[in-house]
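> Just a sequence and a predicted model for now, questions to come.
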Amino acid sequence: MSFKARNCQLLPTRAEIVVVGAGVIGCAIARELTRYTPDVLVLDKENDVACGASKANNAEIHSGIGEDPGTLKQKLNVRGNRMYDEFVRGLGVEFKRQGLLIVITPRSAPPELLERMNEEDRRRFFTEVIPRGIVNFGKKAGITGLRILSREEVFEREPNVTREALAGVFDPNYGMVCPYKLTIALVEHAVLNGAKVFLNTEVNGFRVEGGRVRAVITNRGEVETSLVINAAGVFADEVADMAGAGGFRIHPRKGATLLFDRDVTSEYVRSSVAEFRLPGMKKTKSKGGGAMPTVEGNLQLGPTAVEVEDKYDTSISAEEIEEIFERFHYLLPDFPRDAVISAFSGIRAPTYEEDFVIEASDKVFGFVNVAGIQSPGLASAPAIVEMVMGIIKDLGWELEERKDFIPERPAPIKFSELSNEERHRLIMEDPRWGHVVCRCETVTEMEVVNAIHSIIPATDMDGVKRRTRTGMGRCQGSFCGHRVAAILARELGIPVTEVTKSGEGSPIYVGRTKDLLLQNDLRGERLVDEG
Amino acid sequence: MTKILRPDAVVIGAGPAGLGAALAAREAGLEEIFLLERDFELGGILPQCIHDGFGSIVFDQVLTGPEYAQRFIDKVERSGIEVFLDTMVLELRSDRSLVAVNSRDGVLRMEPGAVVLAMGCRERTRHQVLIPGYRPAGVICAGAAQRYINIEGLMPGRRVVILGSGDIGLIMARRFTLEGAEVEGVYEIMDHPGGLTRNLVQCLHDFDIPLHLSHTVTFIHGRKRVEAVTVAKVNENRKPIPGTERLVECDTLVLSVGLIPENELSKKAGVVLHPATGGPVVDELMETSVEGIFACGNVVCVFDLVDYVTFTAEVAGRGAAEFVQGRRRWRGEVPVRPGRNVRFVVPQRLRCLDREVELYFRVQRPERSVRVRVLVDGRVVHSRKARMVRPPEMVRASIPAGALNEGVREVVVEVTPDEKEA
Ligand SMILES: Cc1cc2nc3c(=O)[nH]c(=O)nc-3n(C[C@H](O)[C@H](O)[C@H](O)COP(=O)(O)OP(=O)(O)OC[C@H]3O[C@@H](n4cnc5c(N)ncnc54)[C@H](O)[C@@H]3O)c2cc1C
Ligand SMILES: Cc1cc2nc3c(=O)[nH]c(=O)nc-3n(C[C@H](O)[C@H](O)[C@H](O)COP(=O)(O)OP(=O)(O)OC[C@H]3O[C@@H](n4cnc5c(N)ncnc54)[C@H](O)[C@@H]3O)c2cc1C
């Protein structure tokens, strides 16, 4: 099917279940639903899945150690973490339990508190009281396996952390996943099992009759349904309001992260590293963050936490950049600052209660809110899904497992991860495997082509990038940009001047050379005087 | 997989450095030389440099980039050097074995007698200089813009702001203008221009393009495509001065903020890099810290003139031949140290000590009326006047043949005020 034809496909008139929002939460729920019914429709206003918070976060699968007791966040995070291996099974995405080292430093407690202690008390406080406190806190939350480390053991694990470190706690449950690849994999798995995904499809209302949801109204028409899952991320409050099923408010909170060159940082820290602060000391509402190597080995530093007005404000400010460097300069004193290759911001979706809102609306039957999914939403995803399935059952949906559910989603082949024998064999089968398009990440033409023709096709540069890593390396696409654009144009059957970075309004080129000159000529603005 | 190939030498990269090195190795008597290039054509960065200004030293002529490259390409084609295009070297080990890949042969394994690194450099991106703001389409590096326009025939923008006044930025200011785009201005964070005076005149002045010194871009606006940038004046610490911000509407931000030698392969092979150059530490044969692996051109350090690239290539090519032929002999180990107002010197060490050595260096700060001196254990062996030295320009000096021997402890290169000697 051509690019244009695909874009003009008609929205189905009916679907048993409609999921609004193709972030990690919506896609995970959709995938789970297809275990029972293929009649699931996922809608997203953007031109690709994972264009919201699910593409711009820190990818951490926390154990739950950072959450407050008694919150839904803590409960679902702890459970979600345990479910993760099962959650990603068969999806072909990497999940690495690399562990988190919580470092205790003299800054871990407020000076007021320390003033009252003598030196011996202080030593004990940092090396015994705090670490034991963390372990006990974990135990109460159901987090097991936390290990107390002496100062020496901290350096043994992570030789580059500050010499001021006094002790540590190692959390082996903590892991990392690639959040957008996970989202793509989940939704592709759902599609393999019958779900339909409509992108560029904005939900702007609902038909509610007799207290029941009857239809979803979009920019591309109406879809009748009796069950709606609202997983619209930072817009979930507005979407709920459209149905009269709201009551919570989301205030966007931006988080910026710096990303570093893998070659420079992969040896720098082995696990993720975070500095401990006693509760109540945190200046911001951020989860503290840390130095976190991604599954690909690029170190991330961040995130910041800044309340913003605009739910689309994914900018990064000079102050945020400074703040990140300042914060981590202490923890990792000789960190190679100049190895930064990228910086990005994402928007968290907290409610004023600062907890997840996962419930069937008591105002509109058949409308389920999965909202306020700020961090640790990614880590909690499996447990959120489980909870949503429980809610759906309680609403009276009969969920019978399908016999024909396909348990696996074939992962795209990554050339860079193959042995030389496998590489050779593939190139002999199709020469496009032998043409390296992205030099930094060693991505071949065939991988780009595959991404463009995948189940949820990449239709722009960023879509290809998220699927294949083109342009994600140290040169940030300077080398491969025009190559990828040319392949996109060829495969989509469009002129290269119509290729975009991230959908409408983001063209890579403004035209062919001489076009501008001709236009100027027509306007009588001859630049070079030929007379 | 294909069988292991064992040529005398493999040259990685076919820009002026790789072309020159392959030819020199050939002239020095090596039989089988492979020249591996990941692009579809020879010449490296030169085919896109359609402006003139190449070859004034080597050919005593002012050529365009493609013309300069063609002189070497013609020779290579007649020389029997085996050229592999569209061939990317993926791995290099310290025993010189390497893996390359292309769509015709598949995975190629080679165990050459010697390796010459000639991978050139890449451009620094917006994130490496950490420009705050959004991440829209329309933020591109100058070299990439040059490629789009000159090779692909595509226009990256209509209304352009250029950050950085290095030569590539200046040349692109003119190029955009000639293509009918509007260049609002060139902004330079330093208080002096980065490029050659010739380019300031011919690329900016002649086209009435303003150059704003001590200015930088502090924010990129636009979620989808660049809509504007905020520019601001900077203080002497290069920090933006509050209150001097100005919003400039544009659809493109072109960056000319520096080049970085491309040494990912070198690192994998265990080649020691120099912190100031970003390239391999080399000796007077351009041999790196790994035996039998040589390096030349921009992979060693960023040269401003292609002529110097060619000179280092000839040295490296001959060095590789000496090595393969078993003629290369080390007689000692003499460090070459940067002295007063010198940031780095290439080569950084001397081991053969039996020949005249050409030294290339950059200064730390601009200075007028100076003397460039080379001292061997405190004895001046080279001294010449220079009217002006500037950090963006590579300076040359030399150690005459016979000035070195096993007993020498160090060589120092320095720039001193001229009065002293006068
Ligand atoms: C900086 C940062 C760091 C984070 N780090 C972590 C971490 O390390 N670990 C962790 O567990 N969590 C982390 N989080 C949180 C995590 O990213 C989120 O919890 C998770 O991605 C939420 O997924 P989602 O599907 O609910 O939302 P989103 O991914 O935002 O998806 C919502 C989707 O709904 C669509 N949509 C909205 N309105 C409409 C409409 N009207 N019609 C159609 N579609 C609509 C949007 O286009 C979007 O695609 C972080 C978040 C941020 C911002
Ligand atoms: C925009 C611009 C304008 C310039 N203007 C002038 C001027 O006016 N006058 C002047 O004298 N000089 C000028 N220069 C400088 C001069 O062109 C460069 O110094 C010179 O081209 C560097 O040569 P090189 O061979 O080291 O690198 P390059 O020309 O960059 O060649 C390196 C080659 O290596 C290949 N390669 C890299 N990695 C691999 C791998 N793993 N496998 C296979 N192949 C690989 C690359 O594809 C490339 O072809 C300019 C440079 C630029 C970028």
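The structure has been received and is ready for your questions. Ligands and ions are numbered 1, 2, ... in the order given.

> Which stretches in the stretch 151-300 of chain B count as helices?
B:167-178, B:197-199, B:264-268 (DSSP state H, counting those that start in this stretch).

> Residue in the stretch 101-250 of chain B with the shortest distance to ligand 1?
Per Cβ to the nearest ligand atom, the residue of the stretch 101-250 of chain B with the smallest distance to ligand 1 is B:Arg223, at 13.3 Å. Placement of C-beta: from N, CA and C, glycine included.

> Quick check on A:Glu112: phi, psi?
Note on A:Glu112: backbone dihedrals following degrees, to the nearest 10 are phi -60, psi -40.

> For it, give me the pLDDT.
Here the pLDDT value assigned to A:Glu112 is 88.

> Spit out the contact partners of it.
Contacts here follow Cβ atoms under 8 Å, 6 or more residues apart in numbering or on different chains; on that basis A:Glu112 touches nothing.

> Tell me the bridge partners for A:Val436.
A:Thr444 (DSSP bridges).

> On the pLDDT front, check it for me.
Looking at A:Val436, the pLDDT reads 95.

> was I right about it contacting A:Met446?
No - counting by Cβ atoms under 8 Å, A:Val436 does not reach A:Met446; the two are 10.3 Å apart.

> Next, show the common contact partners of these two.
A:Phe415.

> Get me the contact residues on chain B for ligand 2.
B:12-18, B:36-39, B:44-46, B:49, B:53-54, B:88-89, B:118-120, B:143, B:146, B:167-168, B:171, B:262, B:265, B:297-299, B:303, B:305-306, B:309 (Cβ under 6 Å from any ligand atom).

> Mind listing the residues bridging to the closest residue to A:Asp237 other than its chain neighbours?
Of all residues beyond its chain neighbours, the one nearest A:Asp237 is A:Ile250 (4.5 Å), with distances taken as Cβ to Cβ, 6 or more residues apart in numbering or on different chains. Applying DSSP bridges to A:Ile250 gives these bridge partners: A:Thr351.

> Please name the residues that touch A:Ile250.
A:Val234, A:Phe235, A:Ala236, A:Asp237, A:Ala349, A:Pro350, A:Thr351, A:Ala371, A:Gly372.

> Tell me the residues on the stretch 151-300 of chain A that lie near chain B, please.
A:Leu259, A:Asp263 (Cβ under 8 Å from any Cβ of the partner chain).

> could you show me where the helices are in the stretch 1-150 of chain B, in order?
With DSSP H, counting those that start in this stretch as the criterion, the stretch 1-150 of chain B has helices spanning B:16-27, B:65-79, B:142-147.

> ok, the residue in the stretch 351-500 of chain A positioned nearest to ligand 1 - contacts?
Ligand 1 sits closest to A:Gly377 of the stretch 351-500 of chain A, with a gap of 1.9 Å, by Cβ to the nearest ligand atom. Going by Cβ under 8 Å, 6+ apart, A:Gly377 touches A:Val24, A:Ile25, A:Ala53, A:Ala349, A:Phe356, A:Ile384.

> what do you get if the cut-off is 10 Å, keeping everything else the same?
A:23-25, A:53-54, A:57, A:73, A:76-77, A:80, A:179, A:233, A:348-349, A:356, A:370, A:384 (Cβ atoms under 10 Å, 6 or more residues apart in numbering or on different chains).

> Those also near ligand 2: which ones?
Of these, not one also sits near ligand 2 (Cβ under 6 Å from any ligand atom).

> Just the ones of those residues in strands?
Members of the contacts of A:Gly377 lying in strands (criterion: DSSP state E): A:Arg348, A:Val370.

> Domain ranges for the chain, per the record?
Here I'm looking at chain A. In terms of domains, chain A is parsed into A:9-56+A:179-250+A:353-394, A:94-175+A:253-342, A:415-528 (source: automatic domain parsing).

> not what I meant, chain B
Taken from automatic domain parsing, chain B resolves into B:1-123+B:259-328, B:125-257, B:330-422.

> Would you tell me whether the longest one gets close to chain A?
Yes - legend: contact between domain B:1-123+B:259-328 and chain A by Cβ under 10 Å from any Cβ of the partner chain is shown at B:1-2, B:38-40, B:86-91, B:99-109, B:119, B:122-123, B:260, B:262-264, B:267-268.
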